[in-house]
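Peer 1: Provide a 3D model corresponding to the input given below.
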Amino acid sequence: MADLEIKNLHVRTEDREILRGVDLNISRGEIHALMGPNGSGKSTLANTLLGHPSYEVTEGEIFFKGENITESEPHERAKAGLFLAFQYPVAIPGVSVANFLRMAINAKREEPIGVKEFREHLKHAVELLDVDRAFTSRHLNDGFSGGEKKRAEILQMAMLSPDVAILDETDSGLDIDALRTVAEGVQKLHDEQGLGALIITHYQRILHYVKPQFVHILMDGRIVLEGGVELVERLEREGYDQIRQEHGVGV
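Peer 2: Numbering: from 1, shown residues only. The predicted structure follows:
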């Protein structure tokens, strides 16, 4: 049984159906890529998995570690071990990265983490991800560049050790150096912690640095094609139009 099971998921927002029967299984230690053109439903899936109230599940179910979480609150999903890296992380002036991380860890625990344990955990995470320790004293995302915001999220992943992370177009707007930093961070967490990840992306470039074992193509609210990394190579050669034609997906 997979850690995250998505079964026949139909989702609408306001009066429009966006997802039309998505089936997808992800387990710890697996890296999946979900690709598709703009408007295909990628971000809708990410937000639905973490319980965004604007998205209504009209049919289907979501299971996480055997529990039905279709109606669970976002904080309950996060506490269970799901993580969402946002496309546009928000700034929290006045709260340092380190203090935010401590609060996030304590929200998952019965007893607050001790000062010494937290410092050792943070030291290991910044060394693993090659982050300047001074970075953790800055206010979360306040005045951060795009790359720094994404680095902060990867650091959150390292500290929270989720079972499965959903990265919603985390490569959006990044230069090549920032992109490499994010991708290498995901790969390191996969290798050390057994992180399972769903990398949602419109482009192929992040997949040059972190190699997915499974690739899924989402179009018109449903997964139309699945395979391995060879699908990434095919998209680079052909784009989405050929797949649209083969699977009868409207333009």
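Peer 1: for Gln187, what are its contacts?
Peer 2: Taking C-beta atoms under 8 Å, 6 or more residues apart in numbering, we find Gln187 in contact with Tyr209, Val210, Lys211. The C-beta positions use only the backbone N, C-alpha and C, and glycine is treated the same way.
Peer 1: switch the cut-off to 10 Å
Peer 2: Gln187 is in contact with Ile31, Leu195, Ala197, Tyr209, Val210, Lys211, counting by C-beta atoms under 10 Å, 6 or more residues apart in numbering.
Peer 1: Quickly find the element holding it.
Peer 2: Applying DSSP states H and E as the criterion places Gln187 in helix 176-193.
Peer 1: and if you look at Val57?
Peer 2: With DSSP H and E as criterion, Val57 is part of strand 56-64.
Peer 1: That strand: which residues count as buried?
Peer 2: Val57, Gly60, Ile62, Phe63, Phe64 (16 or more other C-beta atoms under 10 Å).
Peer 1: ok, back up a step: just the buried residues of the helix holding Gln187, please?
Peer 2: Buried-residue list, helix 176-193, by 16+ other C-beta under 10 Å: 178-183, 185-190, 193.
Peer 1: Check the offset of it from the chain's centre.
Peer 2: Distance of helix 176-193 from its chain centroid, counting by C-alpha atoms, centre = their mean, to the nearest Å, is 13 Å.
Peer 1: which secondary structure elements does the helix or strand just after it contact?
Peer 2: With elements assigned by DSSP H and E, the helix or strand that comes after helix 176-193 is strand 196-201. The contact analysis (3 or more C-beta pairs under 10 Å, 6 or more residues apart in numbering; DSSP states H and E) places strand 196-201 against strand 4-13, strand 16-26, strand 31-35, helix 42-49, strand 82-85, strand 164-168, helix 176-193, strand 214-219.
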